[in-house]
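from the sequence below, what's the structure:
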Amino acid sequence: MIEMSLIIHPEVEKLKERLSQLIFEYDYLINQICPKIEIEYVLEFGLFEYELYKLELKIDKLKRKIQLIQIELNHENEIDLNKIDEILAREFEEYEKQLQAQIDEIKSLEDVKTKELSDEEFKKLKKLYKHLIKKLHPDLNPNQTFFEYSLFLSTVKHFENGDLKGLESILAILPEEETEEISEIDNLKNLIEEYEKRICDVKKDYPYNKKGLLDDKKSGNEYKQMIIELIDDRKDKIRELENKIDELI
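I've put the predicted structure just below:
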């Protein structure tokens, strides 16, 4: 009886290595880099942007209030400010909710307490996660068992939380490697293309697209100064609108 051996295409290992690198980069962006950028951005600029948004909302409400008062004057009706304020409250309810959500986000990020790893521990965390992703990610292991998939989910969660001990525990119970390997070159190439696109999309979107503003102190200071100037301008506009209302009533 002739024993048949499995012929492995030499490109498979190279493609799997590339895919594992991209999966790691994507997860690292989503779970580590982007959350840190968002926290830094919100704490650096969030209060200023919140103040500007709040003033913009007040200006819109004052403009609408003037419209409602003018309508009553045009119809020679008595001005009922309580009724007008009720109308404004209904019309701007969703905007007020968005404003509250914005300040709630700032407060929650100010209260964030993250476990800080040493540089050595963080390097180990990344190295271990990359190793486990290669062994457990479904895209790299389409024939994995349910147990292996549950280990993958736990791996991602531990990485999100910066839990080095958790990743070490996953490694300790990792199933033995299969000796056989199936070549799926086209599938691997498609997955590589997909993850390259995902990474590109993440870097184009918020919060990663704010990284340059945070890294460049000069640009950051200029942006902050621009917001402050806009805030002063909006305050002047509010005083102007409030004076106009006083004149109308």
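
only C-alpha atoms for contact and neighbour calcs from this point on.
Will do.

now for the longest helix seen in the chain, which elements pack on it?
When the chain is parsed with DSSP state H, its longest helix is helix 217-248. Under the contact definition 3 or more Cα pairs under 8 Å, 6 or more residues apart in numbering; DSSP states H and E, helix 217-248 sits against helix 47-74, helix 211-215.

deepest of the ones you listed, which one?
helix 47-74 (a mean of 17; mean count of other Cα atoms under 10 Å).

relative to helix 47-74, how tilted is the helix or strand following that helix?
Toward the C-terminal end, the helix or strand that comes next after helix 47-74 (DSSP states H and E) is helix 81-91. Relative orientation of helix 81-91 and helix 47-74, computed by axes from the mean of the first three to the mean of the last three Cα atoms, to 10 degrees: 130 degrees.

buried set for the longest helix of the chain?
For helix 217-248, the neighbour count (16 or more other Cα atoms under 10 Å) marks 220, 224, 227-228, 230-231, 234-235, 237-238, 241-242, 245 as buried.

coming back round to it: to Asp119, which of the helices and strands packed on helix 217-248 lies closest?
helix 211-215 (20.2 Å; Cα to Cα).

so how far is Ile66 from Ile59?
Relative to Ile66, Ile59 is positioned 11 Å away (Cα to Cα, to the nearest Å).

what do you get for Phe48?
When Phe48 is compared with Ile66 (using Cα to Cα), they lie 27 Å apart.

residue ranges in the protein under the pLDDT threshold?
1-9, 110-116, 175-184 (pLDDT under 70).

let's see it at 80
Applying pLDDT under 80 to the chain flags the ranges 1-13, 107-117, 172, 174-184, 187.

what's the closest of the buried residues of helix 217-248 to Leu171?
Among the buried residues of helix 217-248, Gly220 lies closest to Leu171 (Cα to Cα), at 42.1 Å.

contacting residues for that closest one?
Neighbouring residues of Gly220 by Cα atoms under 8 Å, 6 or more residues apart in numbering: 213-214.

one more: Glu51?
Neighbouring residues of Glu51 by Cα under 8 Å, 6+ apart: Ile231.

and for the one 3 residues further on?
The neighbourhood of Lys54, defined by Cα under 8 Å, 6+ apart, consists of Leu99.

against Glu17, how distant is Tyr149?
For Tyr149, the distance to Glu17 - Cα to Cα - is 19 Å.

who has more neighbours out of the two?
Tyr149 (16 against 13; other Cα atoms under 10 Å).

mind checking the SS state of that one?
Here Tyr149 takes the helix state, with states given by DSSP: H, G, I helix; E, B strand; the rest coil.

isn't it right up against Pro138?
Yes. Using Cα atoms under 8 Å, Tyr149 is in contact with Pro138, at 7.1 Å.
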